[in-house]
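Colleague: got a predicted structure plus its sequence, pasted below:
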Amino acid sequence: MNKYRISVIIPVFNLEKYLHRCIDSLLNQSFCGIEIIIVDDKSTDNSGKIADEFACKNDNVKVFHIKRGGVSNARNYGVQHSNGDYIAFLDGDDCVNNDIYKELYMAITSQKADIAFCDVIKVHENGIKEEIESLNLEGGIVPVGKYLKDGKYMQLAWNKLYKREIWDRFSFESKYFEDLLLIPEIISKSDSIVYVKKYLNYYFIRDKSISRTFSKENYMHKINAYKNVIENVNEIYKDELVYWIVNNILDCIKRKELYFFREEFISFLQSISDEIRDNRYKTDLIDSEIDSILYNKK
């Protein structure tokens, strides 16, 4: 019998400042049977050394040092070398509540679901904490379409637990916005998802992380990711995903620091105008702002 019920995959590149906190939060889990897979993506700081020290002291910590290939490659490598019946991902600069995997495991197994997910606490560099409710519903089995349409952090990999079989069919492919390109598609092709309505994941915001890099090149990658998601999502839930994407784009347009990219965002919305006008949620989706964008009104 496999002694590891959950494998947690951690891609690491130059995270020596945060790695102790991340791994300690996994070693202190109330759930037994966790395998910690650290994939050192050719770090140039002491991250690899720190990981090796943890592995020497803990049998359930395994470290792989690979040539530089990016987050997607590191995660895929970790999955390939893992043994757990269920898979989770965690970024090396984040950490988790001591009960997260007990809660997610109990939910996913008791409900026979494909994916379990939880709420998130966003932690800013100044120490301010912000609670992010994943979905405005009670916990338990929730409609896949509802999560795709209204889910907060729906597109991210790390506040979830997955059946291992999912990763026999899917893998991360991109160097940019790899979660956005893949996770909505996986959710849309799942039979059942379960919501643990508890704040169990800590997401630390670093100003220099790629998700906080406000450049036109970076946001072109994001728009391309949106386009690919629309093409690859299960057609049953296409309206829900388009609704989610449009609202995300509108949030971006309203952010002062992204004003320089406003025209590109608007151009993207115009390119999916048919999907917006034909959307089953268009009554809620198309307001005066969207209308002016679609018809290029001044």
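Modeller: Looks like it came in fine.

Colleague: next SSE downstream of the strand ranked longest in the chain?
Modeller: Secondary structure of the chain per DSSP state E: the longest strand is strand 193-204. Using DSSP states H and E, the next helix or strand after strand 193-204 towards the C-terminus is helix 216-232.

Colleague: could you pull out the buried residues of that following helix?
Modeller: Tyr219, His221, Lys222, Ile223, Asn224, Ala225, Tyr226, Asn228, Val229 (16 or more other C-beta atoms under 10 Å). Heads up, the C-betas are built off the backbone N, CA and C, glycines and all.

Colleague: where does Phe261 land in three-state SS?
Modeller: Per DSSP: H, G, I helix; E, B strand; the rest coil, the secondary structure class of Phe261 is helix.

Colleague: distance of it from Tyr243?
Modeller: Separation of Phe261 from Tyr243 (C-beta to C-beta, to the nearest Å): 21 Å.

Colleague: who has more neighbours out of the two?
Modeller: Remark: of Phe261 and Tyr243, Tyr243 carries more neighbours, 23 against 20, as counted by other C-beta atoms under 10 Å.

Colleague: surely that one meets Lys149?
Modeller: Yes. With contacts defined as C-beta atoms under 8 Å, Tyr243 counts as touching Lys149 at a distance of 5.1 Å.

Colleague: any common contacting residues for the two?
Modeller: Taking C-beta atoms under 8 Å, 6 or more residues apart in numbering as the contact definition, Tyr243 and Lys149 share the neighbouring residues Tyr281.

Colleague: low-confidence ranges, the protein, go.
Modeller: 1, 207-214, 288, 296-298 (pLDDT under 70).

Colleague: hey, where'd the helices end up in the chain?
Modeller: With helices called from DSSP state H, the chain shows them at 19-27, 47-57, 70-80, 100-110, 144-150, 166-169, 178-188, 216-232, 238-254, 262-271, 273-277, 282-285, 288-294.

Colleague: any residues touching the fourth one, and which ones?
Modeller: If I follow you right, that is helix 100-110. Applying C-beta under 8 Å, 6+ apart, the external contacts of helix 100-110 come out as 5-6, 8, 29-31, 34, 86, 88, 113-118, 139, 160-161, 163, 194-196, 198, 200-201.

Colleague: just the buried residues of it, please?
Modeller: The neighbour-count criterion (16+ other C-beta under 10 Å) identifies Ile100, Tyr101, Lys102, Glu103, Leu104, Tyr105, Ala107, Ile108, Thr109 as the buried residues of helix 100-110.

Colleague: likewise for the last one?
Modeller: Counting neighbours by 16+ other C-beta under 10 Å, one finds that the buried residues in helix 288-294 are Ile290, Ile293, Leu294.

Colleague: which outside residues touch that helix?
Modeller: With C-beta under 8 Å, 6+ apart as the test, helix 288-294 has contacts from Val246, Leu250, Ile266, Leu269, Gln270, Ser273, Ile276, Arg277, Ile286, Lys297, Lys298.

Colleague: am I right that Ala157 is in contact with Asp179?
Modeller: Yes. Taking contact to mean C-beta under 8 Å, the distance of 4.8 Å between Ala157 and Asp179 places them in contact.

Colleague: return the residues in contact with Cys95.
Modeller: Counting by C-beta under 8 Å, 6+ apart, Cys95 touches Arg21, Cys22, Asp24, Ser25, Tyr202, Phe204.

Colleague: just the buried subset of the residues you listed, please.
Modeller: Cys22, Ser25, Tyr202, Phe204.

Colleague: go through those and name the one nearest Asp93.
Modeller: Out of the buried ones among the contacts of Cys95, the one with the shortest distance to Asp93 is Phe204. That distance is 5.5 Å, counting by C-beta to C-beta.

Colleague: start to end distance for stretch 245-264?
Modeller: With C-alpha to C-alpha, to the nearest Å as the measure, the first residue of stretch 245-264 is 14 Å from its last.

Colleague: now the buried residues of helix 288-294 in CSV, with distance to Glu185?
Modeller: Below are the buried residues of helix 288-294 laid out as CSV (distance: C-beta to C-beta, whole Å):
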residue, distance to Glu185
Ile290, 25
Ile293, 26
Leu294, 26
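
Colleague: go through stretch 171-184 and flag the buried ones.
Modeller: Buried positions in stretch 171-184, judged by neighbour count with 16+ other C-beta under 10 Å: Phe172, Ser174, Tyr176, Phe177, Glu178, Asp179, Leu180, Leu181, Leu182, Ile183, Pro184.

Colleague: what two of those are the furthest from one another?
Modeller: Tyr176 and Pro184 (15.6 Å).

Colleague: for Ile183, give me its contacts.
Modeller: Applying C-beta under 8 Å, 6+ apart, we find Ile183 in contact with Met154, Gln155, Leu156, Ala157, Lys160.

Colleague: now do 10 Å
Modeller: Under the criterion of C-beta atoms under 10 Å, 6 or more residues apart in numbering, the contact list for Ile183 reads 89, 115, 153-158, 160, 162, 170, 172, 229.
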